[in-house]
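Participant: Give me a model of this one.
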Amino acid sequence: MCEPAVPRSTILVVDDVPANIQVLAQILKDQYTVVFAKSGEEALAMAKKVVPDIILLDVMMPGMDGYAVCAKLKASSTLSHIPVIFVTAMGEVEDETKGLEVGAIDYIMKPANPAIVRCRVHNHLEMKRQRDLLRQIALVDGLTGIANRRRFDEVFAAEWRRAQRKQMSLSLIMCDVDHFKNYNDHRGHQAGDDCLRMVAQAIATQINRPGDMAARYGGEEFVCILPDTDLTGAQFIAESIRTELAALGLPHPASPVGSVVSLSLGIATAVPGPDWPAHDLIALADAKLYEAKKSGRDRFCGAIMEQAGAPD
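Facilitator: Sure, this is the predicted structure:
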């Protein structure tokens, strides 16, 4: 017997015939949350709204047919990961081939056998769960448990585009452990790894909003993405990170700065113009980090990017 994936998954059923929707809903409702749409346009809107775990899609519908809906889903950066199963009376080899070519993962013939529908939905949901888990592992830094550089690159690119579109502030904080090489040389690499874990957690505890993110940028460098945050707000968070780490009191006898592990932080803020390159904000944050180091470390420096390539 096929059991549903856990936790309870959401299935979007798309068919222009209400009776067909009712049949599939009856088959699946005890194991899954079922939502429905009666046209291609409605299906795309519903997919954006609820982001279902899987979509059961009819082919023949007035206006936008199932093939076109599937193609649009697969072209979307936010919806392309959703598995699509065609459920249709069109049984020719050419029909099934076209469905698979536009991105569907399976093809079920009407009238749908309840046991077959349940098992295929279960199997594809389980495979999706495994893919999602592998993707999650691929985006987490193995040492510190926070987001890795790859995840930072993805999220920063998306937030930069959103800030451009909505004309809102976006801030970055670059953080570097002061004299970390001295720490490793004095205490050993295992202690160095433990130090990085504790620094990462100290940073992460101060990044509290759902849209914010802390990531390991590389080595002893960390970075924070702060959407819809101006320079003053970013400075407040930078200081809270610095004081949180100081409160841990991690001994660093080899540091010329002080007796405990500390951070230098560089802050960059922009309301990006339509043609501004995202890497300019990273470069500005890095320049401010360098300035904080040159100014004595265990502090932050920040700036506003007024135009592409030109810090304030």
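Participant: ok, which stretches of this structure are helices?
Facilitator: Taking DSSP state H to define them, one finds helices in the chain at 18-28, 40-50, 66-75, 93-101, 114-138, 149-166, 180-187, 189-204, 231-248, 279-294.
Participant: same for the second one, what does it pack against?
Facilitator: Just to be clear, that refers to helix 40-50. strand 10-14, strand 33-37, strand 54-57, helix 66-75 (3 or more CB pairs under 8 Å, 6 or more residues apart in numbering; DSSP states H and E). In this view, the C-beta of every residue, glycine as well, is placed from N, C-alpha and C.
Participant: How about the third one?
Facilitator: Packing contacts for helix 66-75, counted by 3+ CB pairs under 8 Å, 6+ apart, involve helix 40-50, strand 54-57, strand 84-88, helix 93-101.
Participant: List of residues touching the first one?
Facilitator: Counting contacts by CB atoms under 8 Å, 6 or more residues apart in numbering, the residues outside helix 40-50 that touch it are 10, 12, 14, 35-37, 52, 55, 57, 61, 63-66, 68-69, 72-73, 78-79, 82.
Participant: List the beta-bridge partners for the closest residue to residue 112 other than its chain neighbours.
Facilitator: Leaving aside its chain neighbours, residue 112 sits nearest to residue 87 (5.8 Å; criterion: CB to CB, 6 or more residues apart in numbering). Beta-bridge partners recorded for residue 87 (DSSP bridges): residue 108.
Participant: show me what contacts residue 87?
Facilitator: Residue 87 sits in contact with 15, 20, 24, 56, 57, 58, 108, 110, 112, 117, where contact means CB under 8 Å, 6+ apart.
Participant: at 10 Å what do you get?
Facilitator: Applying CB atoms under 10 Å, 6 or more residues apart in numbering, we find residue 87 in contact with 13-15, 20, 23-24, 55-59, 66, 106-112, 117, 120.
Participant: How many residues are close by residue 162?
Facilitator: Neighbour count for residue 162, taken as other CB atoms under 10 Å: 15.
Participant: One more: the one 5 residues further on?
Facilitator: If you count neighbours by other CB under 10 Å, residue 167 ends up with 10.
Participant: Could you give the backbone dihedrals for it?
Facilitator: Here the main-chain torsion angles of residue 167 (degrees, to the nearest 10) amount to phi 50, psi 60.
Participant: Contact partners for it?
Facilitator: 271, 272, 273, 274.
Participant: What residue, apart from its backbone neighbours, is nearest the first one spatially?
Facilitator: By that I understand residue 271. residue 169 (5.4 Å).
Participant: Hmm, the one you found is touching residue 228, no?
Facilitator: Yes: counting by CB atoms under 10 Å, residue 228 is a contact partner of residue 169 at 6.2 Å.
Participant: overlap in contacts of the two?
Facilitator: Contacts common to residue 169 and residue 228, judged by CB under 10 Å, 6+ apart, are residue 163.
Participant: Of the two, give the one with the bigger neighbour count.
Facilitator: Of the pair residue 169 and residue 228, residue 169 is the one with more neighbours under other CB under 10 Å, namely 20 against 16.
Participant: Format the helices and strands packed on helix 40-50 as JSON lines; extra columns: distance to residue 140, mean neighbour count and mean pLDDT.
Facilitator: As requested, those are exported to JSON lines (distance: least, CB to CB, whole Å; neighbours: other CB atoms under 10 Å; pLDDT from 0 to 100):
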{"stretch": "strand 10-14", "distance to residue 140": "25", "mean neighbour count": "23", "mean pLDDT": "98"}
{"stretch": "strand 33-37", "distance to residue 140": "28", "mean neighbour count": "18", "mean pLDDT": "97"}
{"stretch": "strand 54-57", "distance to residue 140": "25", "mean neighbour count": "27", "mean pLDDT": "98"}
{"stretch": "helix 66-75", "distance to residue 140": "26", "mean neighbour count": "20", "mean pLDDT": "96"}
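Participant: Export these as TSV, with columns for distance to residue 234.
Facilitator: Output for those, formatted as TSV (distance: least, CB to CB, whole Å):
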stretch	distance to residue 234
strand 10-14	36
strand 33-37	39
strand 54-57	40
helix 66-75	35
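Participant: To residue 203, which of those lies closest?
Facilitator: With respect to residue 203, and counting by CB to CB, the nearest of the helices and strands packed on helix 40-50 is strand 10-14 at 33.7 Å.
Participant: For the closest one, name the packing helices and strands.
Facilitator: Applying 3 or more CB pairs under 10 Å, 6 or more residues apart in numbering; DSSP states H and E, we find strand 10-14 packed against helix 18-28, strand 33-37, helix 40-50, strand 54-57, helix 66-75, strand 84-88.
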